[in-house]
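S.K.: missing the sequence, but the structure's below:
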């Protein structure tokens with residue numbers, strides 16, 4: 001393990017992150033409603049720590065190995081969660097303990113959207129903007145951003161990209177990894193700008209439009225208001241959110257190819273994209289029909305409410321316009337289960353990813369056919385591509401690890417006295433980077449104690465790093481020379 005090389009990169013990344021605290025500091029100065037000093041203090045402390053890590057190892061230029069990259073990614077996200085909590089800790093009116101502040105920070109950076117802060121409408125603009133900004137930075141990944149704008153990090157750029165970038169596929173879109181990262185961020189920034197403009201013309205203030213565009217494109221779900229998107233009481237704003245949540249939940253490689261070829265053909269030919277659309281459309285039909293059939297709302301309202309919440313929960317964004325956790329029958333649980341699929345691979349969405357769900361279904365169907373035709377040679381195909389046994393084994397391994405982690409964390413939360421519904425939905429919502437759960441954690445997580453918040457913070461990190469990236473460092477084989 002190249003400790004000094006790892007230390008140097010962590011120092012650079014932490015120093016880079018410290019500069020992001022200057023933006024909410026400026027917002028605080030502009031609005032003059034408090035929270036300036038906390039951001040200044042957090043900036044100084046984070047920058048100083050980054051400098052202390054970087055300076056002793058500044059001359060280390062050895063190539064970054066694969067194991068080192070896993071350590072860098074895991075350590076950076078863990079450290080970032082801790083230092084990102086400083087403004088919440090330093091701003092005394094929030095009255096957050098260490099576990100709650102780290103939970104809020106981790107929720108933002110992993111684009112989960114679960115919150116322990118109540119009465120958002122009364123909070124300073126600096127705090128509100130900082131939460132939205134954290135989700136935007138976490139959406140595409142700060143390490144991918146660093147690779148894009150800091151060529152001096154050129155040591156092991158591809159290793160860092162493979163270790164951090166979400167989704168089961170890690171193909172390069174361009175010959176150079178730095179160019180790939182820049183291409184992804186170009187699309188990401190472009191979508192954010194378009195979303196902000198659309199929100200503004202739909203009726204949001206400039207501050208709300210920018211803030212909500214950050215969390216929409218990042219598939220985050222943080223809002224500047226307690227009532228989330230429901231605060232605006234506008235179908236136009238809701239439909240803007242639906243469009244950009246849908247687009248952001250698609251593999252960014254497809255967006256890149258569409259821009260380069262100026263054709264939508266890649267979307268039509270992509271099996272994961274078609275499954276993604278069909279799944280959300282089917283769930284929307286079920287939700288809207290059930291809401292109307294139970295008299296919960298009119299046919300029109302049932303359609304719009306069903307569409308919005310299916311897309312929001314299904315893509316793991318987590319915006320709400322109503323207290324969906326009080327909807328009748330099976331709908332709340334159905335929506336929660338929709339987050340298991342989440343977005344497409346290579347998107348900012350959470351969950352297991354649609355491609356994994358599709359492969360699990362296809363492999364399961366193949367085993368059923370094998371029972372009827374034991375000697376038949378059956379292939380698992382996604383589109384025109386034949387999946388190897390290695391691909392399928394990886395997906396089954398991911399699913400097994402996912403279920404095991406979910407079970408362990410569920411039992412830990414229930415051991416603290418949390419009821420089954422709240423405990424299960426909290427773990428699912430955090431592991432899938434969704435945010436809102438059911439029962440006690442439907443509106444927020446403020447009622448939970450320190451231990452449940454720590455467990456759920458770890459769950460969010462597992463979800464953001466696709467489980468294996470974090471789990472691998474706990475294996476004995478990882479540390480064997």
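M.R.: Perfect, thanks for sending it. The structure displayed is predicted, hence computed values, not measured ones.
S.K.: Surely residue 423 and residue 407 touch.
M.R.: No. Residue 423 is beyond contact range of residue 407, at 11.3 Å (criterion: Cβ atoms under 8 Å). No exception for glycine: its C-beta is placed from N, CA and C like everyone else's.
S.K.: Compare these two (neighbour count), which wins?
M.R.: residue 423 (25 against 11; other Cβ atoms under 10 Å).
S.K.: right, and the secondary structure at that one would be what?
M.R.: Judged by DSSP: H, G, I helix; E, B strand; the rest coil, the three-state class of residue 423 is helix.
S.K.: where in the stretch 1-150 of the chain is pLDDT low?
M.R.: Scanning the stretch 1-150 of the chain for pLDDT under 70 picks out the ranges 142-143, 145-150.
S.K.: in it, which spans are helices?
M.R.: 3-19, 22-31, 36-54, 66-84, 86-90, 98-109, 125-140, 142-149 (DSSP state H, counting those that start in this stretch).
S.K.: Format the ones you listed as a markdown table; extra columns: mean neighbour count and distance to residue 206.
M.R.: A markdown table is the format used below for those (neighbours: other Cβ atoms under 10 Å; distance: least, Cβ to Cβ, whole Å):
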| stretch | mean neighbour count | distance to residue 206 |
| --- | --- | --- |
| helix 3-19 | 20 | 23 |
| helix 22-31 | 17 | 12 |
| helix 36-54 | 19 | 20 |
| helix 66-84 | 21 | 25 |
| helix 86-90 | 23 | 22 |
| helix 98-109 | 26 | 21 |
| helix 125-140 | 25 | 12 |
| helix 142-149 | 21 | 24 |
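S.K.: between those, which one is nearest to residue 470?
M.R.: helix 66-84 (5.6 Å; Cβ to Cβ).
S.K.: For the closest one, name the packing helices and strands.
M.R.: Counting by 3 or more Cβ pairs under 8 Å, 6 or more residues apart in numbering; DSSP states H and E, the packing neighbours recorded for helix 66-84 are helix 3-19, helix 36-54, helix 98-109, helix 142-149, helix 157-164, helix 450-464, helix 468-471.
S.K.: what residues are up against the residue of the chain most remote from its centre?
M.R.: Distance from the C-alpha centroid of the chain peaks at residue 375, with 43.0 Å (Cα atoms, centre = their mean). Neighbour list for residue 375: empty [criterion: Cβ atoms under 8 Å, 6 or more residues apart in numbering].
S.K.: Would you mind giving the helices of the stretch 1-150 of the chain as CSV with distance to residue 393 added?
M.R.: Shown next, in CSV, are the helices of the stretch 1-150 of the chain (distance: least, Cβ to Cβ, whole Å):
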stretch, distance to residue 393
helix 3-19, 30
helix 22-31, 44
helix 36-54, 38
helix 66-84, 20
helix 86-90, 42
helix 98-109, 31
helix 125-140, 29
helix 142-149, 27
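S.K.: So for residue 219, which of those helices sits nearest?
M.R.: helix 125-140 (6.6 Å).
S.K.: just how off-centre is that closest one within its chain?
M.R.: Distance of helix 125-140 from the chain centroid (Cα atoms, centre = their mean, to the nearest Å) equals 13 Å.
S.K.: Stretch 470-478 too?
M.R.: Distance, centroid of stretch 470-478 to centroid of chain: 23 Å (Cα atoms, centre = their mean).
S.K.: cool, and stretch 237-256?
M.R.: Centroid separation between stretch 237-256 and its chain, computed with Cα atoms, centre = their mean, is 14 Å.
S.K.: With stretch 66-79 instead?
M.R.: Chain-centre distance of stretch 66-79: 18 Å, with Cα atoms, centre = their mean.
S.K.: And stretch 77-84, by the same measure?
M.R.: 15 Å.
S.K.: and what of stretch 47-65?
M.R.: Using Cα atoms, centre = their mean, the offset of stretch 47-65 from its chain centre is 28 Å.
S.K.: ok, now stretch 400-407?
M.R.: 19 Å.
S.K.: Return the set of buried residues in it.
M.R.: Judged by neighbour count (16 or more other Cβ atoms under 10 Å), stretch 400-407 contains these buried residues: 402, 405, 406.
S.K.: ok, back up a step: would you mind saying which of the helices of the stretch 1-150 of the chain lies nearest residue 474?
M.R.: Closest to residue 474 of those, according to Cβ to Cβ: helix 66-84, at 9.9 Å.
S.K.: could you give the angle of that closest one to helix 450-464?
M.R.: Between helix 66-84 and helix 450-464, the angle comes out at 140 degrees (axes from the mean of the first three to the mean of the last three Cα atoms, to 10 degrees).
S.K.: Please convert the helices and strands packed on helix 66-84 to CSV, extending it with distance to residue 394.
M.R.: Listed next are these as CSV, based on distance: least, Cβ to Cβ, whole Å:
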stretch, distance to residue 394
helix 3-19, 26
helix 36-54, 34
helix 98-109, 26
helix 142-149, 22
helix 157-164, 14
helix 450-464, 17
helix 468-471, 9
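S.K.: Residue 223 is nearest to which of the ones you listed?
M.R.: So among the helices and strands packed on helix 66-84, helix 98-109 is nearest, using Cβ to Cβ, at 12.1 Å.
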